[in-house]
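J.: sequence and predicted model, in that order:
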Amino acid sequence: MTDVAEKCVALINRFNEEINELYHEFARKKGLSDSAFSVLYALYEKDGQRQLELCKTSLMPKQTLASALKRLVAQDIVHIENESRRVSRVFLTEKGKQQVNEIIAPLIRAETIATSAIPPEMLQQLPGVLDTYLKALEREFSAL
């Protein structure tokens, strides 16, 4: 491995840790657990997701999501509608929509403003760079 690649790995890992800490602190400051925050963020992007889809968009395992949803249902933030015995969808309640508008929407605006601080020529390259890295990392991990 080259010196540059090793430095990039360290930088990416540090970036990941720091960004996770930023979101964790934001959620805590707003009175949300990390899992509740992730569910609200995912439902902001698309309300009425199937639970399996919500696992993917919130990046949570099924058991963690189930626990989070149980708490959010008890708090009247989400409700679950069964489509069949095996399929259910998660929707924001009115209280949940209010929380999303007060907490998640401003956060997304802040993310957008922060992203616009990146020079346009770098910003145009970012999706391709990140996608290339992620695909290469998946390949390498699957080979282990």
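T.: Perfect, thanks for sending it.
J.: low-scoring stretches of this structure, by residue?
T.: Across the chain, the ranges flagged by pLDDT under 70 are 1.
J.: following the top helix by length along it, which helix or strand shows up next?
T.: For the chain, the helix with the greatest residue count under DSSP state H is helix 3-29. Counting by DSSP states H and E, the next helix or strand C-terminal to helix 3-29 is helix 34-45.
J.: which residues are contacting the following helix or strand past that following helix?
T.: Per DSSP H and E, the first helix or strand lying C-terminal to helix 34-45 is strand 49-50. For strand 49-50, the surrounding residues in contact (Cβ atoms under 8 Å, 6 or more residues apart in numbering) are 42-43, 57, 83, 87-90. Glycine gets a C-beta too; all of them are placed from N, C-alpha and C.
J.: ok now strand 49-50, how far from the chain's centre?
T.: Its chain's average C-alpha position is 15 Å from that of strand 49-50, according to Cα atoms, centre = their mean, to the nearest Å.
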